[in-house]
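# Give me a 3D structure for the following:
(2 chains)
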Protein chains: 2
Amino acid sequence: MLPQAAWRLDPDPAIWPDETLVTVERLNLDAASFRQLSDANDGDPAAVKAVVLGIVADRGKMQNPVTGSGGMLTGVVRQAGADSPLGLVPGDRIATLVSLSLTPLVITDGLSAWDGRSEQVPCEGHAILFGRSIAAVLPGDLPVPLSLAVMDVCGAPALTHRVVSRAADRPGRGPVVAVLGAAGKSGSLSAAAARRAGASLVIGVVPHEREAAALRAAGLTDRVVVADATDPVGVSGAVRAAGGPADVTVVCVDVPGCEGGAILATAQGGTVIFFSMATSFTAAALGAEGVAADVTMLVGNGYTPGHAKLAIDLVRTEPGVRQIFDARTTGE
Amino acid sequence: MLPQAAWRLDPDPAIWPDETLVTVERLNLDAASFRQLSDANDGDPAAVKAVVLGIVADRGKMQNPVTGSGGMLTGVVRQAGADSPLGLVPGDRIATLVSLSLTPLVITDGLSAWDGRSEQVPCEGHAILFGRSIAAVLPGDLPVPLSLAVMDVCGAPALTHRVVSRAADRPGRGPVVAVLGAAGKSGSLSAAAARRAGASLVIGVVPHEREAAALRAAGLTDRVVVADATDPVGVSGAVRAAGGPADVTVVCVDVPGCEGGAILATAQGGTVIFFSMATSFTAAALGAEGVAADVTMLVGNGYTPGHAKLAIDLVRTEPGVRQIFDARTTGE
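Take a look at the predicted model:
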C-alpha cells in the first residue's frame, strides 16, 4: 500500500537508512482541507485545532479524512540516513514537496502557537521523509512563509508551463490560456508561467470585483473577467467574450463544480488542467462526454521536475506574483 | 447547470426543435453503477430493479447517485426536431453515446422484462437527445447487444489509440503499453487499439488465472500477467517483470484504489489514462506527487471524434475482441 492510501503511518523517529528525520517548524494545510475543516466546525478555531491534533494522533500524518488531501511542512533536517538520495544535511532548512498525506508526523506542542484561523500552522514536532520524497532547501532571500506558500502550489505553474510550451511549439499564434482562480496562489503562478511559456493571450477568471482589482493591479493576465466558475454557461461565455475559447484552461478554484465551465470554456482539441483537489473525476469525464467535448483533461500532478525552482523564480522576477502572495500570506 | 450535474431532468416527450425523441428498447448501465447497485442490495435482483425504477422516477434520468455514472441506451427514433444537428430520421435504430446521467428518460414497463442480474436492461419508455448529444446508428451486421456493449466503452480505445499513436510517432521503438483489466470490455478494445496504434509491446494485467486464460486465447496482448490492480507494489512489479515499465498505462478496472499501481507501473515521462469511473482524483494527484512520479495523467474522456467507428471496426476485424465481447454479452 502506498503511504497516501494507508490509514495510519508509523511516525517512529528511528529512521531507516534511506530516510530523513526533520524537526518541524510549520505546517501549511492545503486550501481544500483547511476550508473543509473550518466549514465543518463553523469556523471555530479551537474546534479546528482539536480536529487537526486528533487526525495526526490517530493517523500518524495530517491527511484530512474528508478531502483526502494534506499540505506540506517546513523544518530543519535533524538526521539524514546514510542511503538517503535527497542530498540533505543536518541543519538544512527545508520545505517538503510531497503531500502531508504521506508524511509520517508527530506533533509535540499541542499546536499552542496556532490560532486555528489559517492554513499556516506553527508547529513543533518531527516528520520523516522517505527516499522517494521531494524536499527543497528554502531560499535564503525570501521569507519562509512566502517560500512555503509558493512551494505548496509549485506543481501548478510547472505543469502549466509544460502544457502551454508544447501548444506554443505548434505553428501559428501562441495558445489562448484561461486561468480560473487567477488571483489566487496557484492561479497567479500559473498565469505567469503561461505567459512565460508563450501564451498569446492570458485570460484571468475571478469570482468578484475585489479579486479582479487585485489581478489587474498585478498585471499577470491580458484580460480579467468576473464569473462564477461553477456556472458553466457564465464562465464559458465570459472566457469566449474575452478572446476565448481557451486552448488551455487551468482550474485553480478550490470549490466543487468547476468541471463543466472549464470544459465549455475550452476549444475543441484543447486541454484542461485540473489543479483543484475539489475536482470530481466523474463530473469531468461525464461532463466532457455529455457535451461531446474533444478536450484533453489532465489530473494536475503536483510533481513535475524543476517545479520548485520555476515557482521560486517566478516569485522573484514577477512583481505581480509577489504582490499577490504577499497579500495572501501577510499576518498569517 | 449542465444536465449531468442537475439532480433532476425534465423528461417531457414534447421536444424542442433541436431535440430528438427516442423510443427506448434497452438500457446498458455502466459497470461501476451496476456493481454498486448490486453490492448495495446484496445482489437481490428485485431490490436492484426497484432502486433503478426509483432513481429514474425521482431524477428523470438513470444516474446512480453514489457513483454519479449512468450508461447508455438503444432505441428507435420516434421524432427528430427540425433543428436537430444529429442527422437522424424516424425509424433509425440508434445507440446513444452520451451518458444516461444526462439523458432525460421515462420508463413505462416497470422493467418487467429485466432479470435485475446484468447491466443490460430491456426497457420500454422514451428518452430525449439534446442538440449536442451524440448518437450512432447501429450497424446492421452485428447483434444489437454487442453493438451496445461496444459503443458503451468506445471512448477508451479511441483515446488509447490517440495517445499511443502520438507516443509511437517519436523516434525509436514503439511505446510499451500496459492495460489493467485487459480481459474486460474497455480493456480488450484498448489493447487492440494500442497494438493498432503502434505499441511495441502490449502487457495485459488481469486479476486471476481464469481471465488470464481468456486473454491468452484472445491473443490481444503480447504478455499476460496476473496481479491485483489495487496492490501498487504487486502490479508495478508484474508490469516491470513483463517488459515494463509502461510508457502508456490504461486503467480499465472498475474498482477503487488502482491509482497507485498504475502510477508505479508507468515510466517517468509516461502517461496514465484513467477510464474507470471508480478513479479518485485526489488519490491520483497526490499519489503521483507522493512518489515523485513525472507522469501525465488523463481523465478518460468518453468522447473522442470517431470513437464509435473505431470500436465497431475493432470488433469486426479482431476475432479476439469479438470473442471477449461474445463471452461477456451472451445470455444477457
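# so whichever residue of the stretch 151-300 of chain A sits closest to chain B, which of the three states?
Closest contact between the stretch 151-300 of chain A and chain B, by C-beta to the nearest C-beta, is at residue A:289 (3.3 Å). (C-beta placed from N, C-alpha, C; glycine too.) Put simply, residue A:289 is helix when judged by DSSP: H, G, I helix; E, B strand; the rest coil.
# dump the residue contacts of the residue lying closest to it once chain neighbours are set aside.
Among residues not flanking residue A:289 along the chain, residue B:302 sits closest, at 3.3 Å (C-beta to C-beta, 6 or more residues apart in numbering or on different chains). Counting by C-beta atoms under 8 Å, 6 or more residues apart in numbering or on different chains, residue B:302 touches A:285, A:286, A:288, A:289, B:97, B:99, B:155.
# Name the member of the residues you listed with the most neighbours.
residue A:286 (31 neighbours; other C-beta atoms under 10 Å in any protein chain shown).
# isn't there a helix covering that residue?
Yes. Counting by three-state DSSP, residue A:286 is located in a helix.
# Correct me if wrong: it contacts residue B:99.
Yes. Counting by C-beta atoms under 8 Å, residue A:286 touches residue B:99, with 4.8 Å between them.
# tell me which parts of the stretch 201-332 of chain A are close to chain B?
A:231-232, A:257, A:260, A:264, A:274, A:277, A:279-305 (C-beta under 8 Å from any C-beta of the partner chain).
# Buried subset of those residues as a PyMOL selection?
Buried residues among those (16 or more other C-beta atoms under 10 Å in any protein chain shown), as a PyMOL selection:
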select buried, chain A and resi 231+232+257+260+264+274+277+279+280+281+282+283+284+285+286+287+288+289+290+291+292+293+294+295+296+297+298+299+300+301+302+303+304
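# give me the number of residues near the residue of the stretch 101-250 of chain A found nearest chain B?
The stretch 101-250 of chain A approaches chain B most closely through residue A:102 (4.3 Å), counting by C-beta to the nearest C-beta. Counted with other C-beta under 10 Å, residues neighbouring residue A:102 total 24.
# Now do it against residue B:106, distance only.
Going from residue A:102 to residue B:106 by C-beta to C-beta, to the nearest Å gives 48 Å.
# And the helices in chain A, which stretches?
A:31-40, A:45-59, A:144-152, A:155-168, A:185-196, A:209-218, A:232-241, A:259-264, A:281-290, A:307-317, A:319-329 (DSSP state H).
# Residue A:319: how many residues sit nearby?
Count around residue A:319 with other C-beta under 10 Å applied: 12.
# wait, what's in contact with the nearest residue to residue A:143 once chain neighbours are set aside?
The spatially closest residue to residue A:143, leaving aside those adjacent along the chain, is residue A:329, at 7.9 Å (C-beta to C-beta, 6+ apart). With contacts defined as C-beta under 8 Å, 6+ apart, the neighbours of residue A:329 are A:120, A:143, A:145, A:146, A:149.
# how about a cut-off of 10 Å?
By C-beta atoms under 10 Å, 6 or more residues apart in numbering or on different chains, residue A:329 lies in contact with A:28, A:118, A:119, A:120, A:143, A:145, A:146, A:147, A:148, A:149, A:150, A:185.
# now residue A:161
A:189-190, A:192-198, A:304, A:306-307, A:310-311, A:314.
# measure it to residue A:314 for me?
9 Å.
# Could you name every residue contacting both of these two?
A:189, A:190, A:192, A:193, A:195, A:196.
# Quick check: of those residues, which has the highest neighbour count?
residue A:190 (37 neighbours).
# Chain neighbours aside, what residue packs nearest to the spatially most central residue of chain A?
Chain A has residue A:153 as the residue nearest its centroid, 3.0 Å off, counting by C-alpha atoms, centre = their mean. Spatial nearest neighbour of residue A:153, excluding adjacent residues (C-beta to C-beta, 6+ apart): residue A:186 at 3.8 Å.
# quick one: pLDDT of the one you found?
Note on residue A:186: pLDDT of 96.
# for it, what are its contacts?
A:31, A:149-150, A:152-157, A:160, A:179, A:250-254, A:275-276, A:300, A:311.
# 7 Å - rerun?
Shown in contact with residue A:186 (C-beta atoms under 7 Å, 6 or more residues apart in numbering or on different chains): A:153, A:156, A:252, A:275.
# now residue A:249
Counted by C-beta under 7 Å, 6+ apart, residue A:249 has contacts A:178, A:180, A:262, A:265, A:266, A:270, A:272.
# and the gap between the second one and residue A:119?
Right, residue A:180. 20 Å.
# And these two? Which one has more around it.
residue A:180 (31 against 20).
# Report the beta-bridge partners for that one.
residue A:205, residue A:251 (DSSP bridges).
# Just list the residues touching it, thanks.
Here residue A:180 is in contact with A:205, A:229, A:235, A:249, A:250, A:251, A:252, A:253, A:258, A:262 (C-beta under 7 Å, 6+ apart).
# Skip the chain neighbours and tell me the closest residue to residue A:122.
The nearest residue in space to residue A:122 (C-beta to C-beta, 6+ apart) is residue A:113, at 4.0 Å.
# Please determine how far the one you found is located from residue A:127.
On the measure of C-beta to C-beta, residue A:113 and residue A:127 end up 17 Å apart.
# The two - which one has more neighbours?
residue A:127 (26 against 11).
# Surely the more buried one and residue A:73 touch.
Yes. Using C-beta atoms under 7 Å, residue A:127 makes contact with residue A:73 at a distance of 6.0 Å.
# still on that earlier bit, and the residue nearest to residue A:143, what pLDDT?
The model's pLDDT for residue A:329 equals 71.
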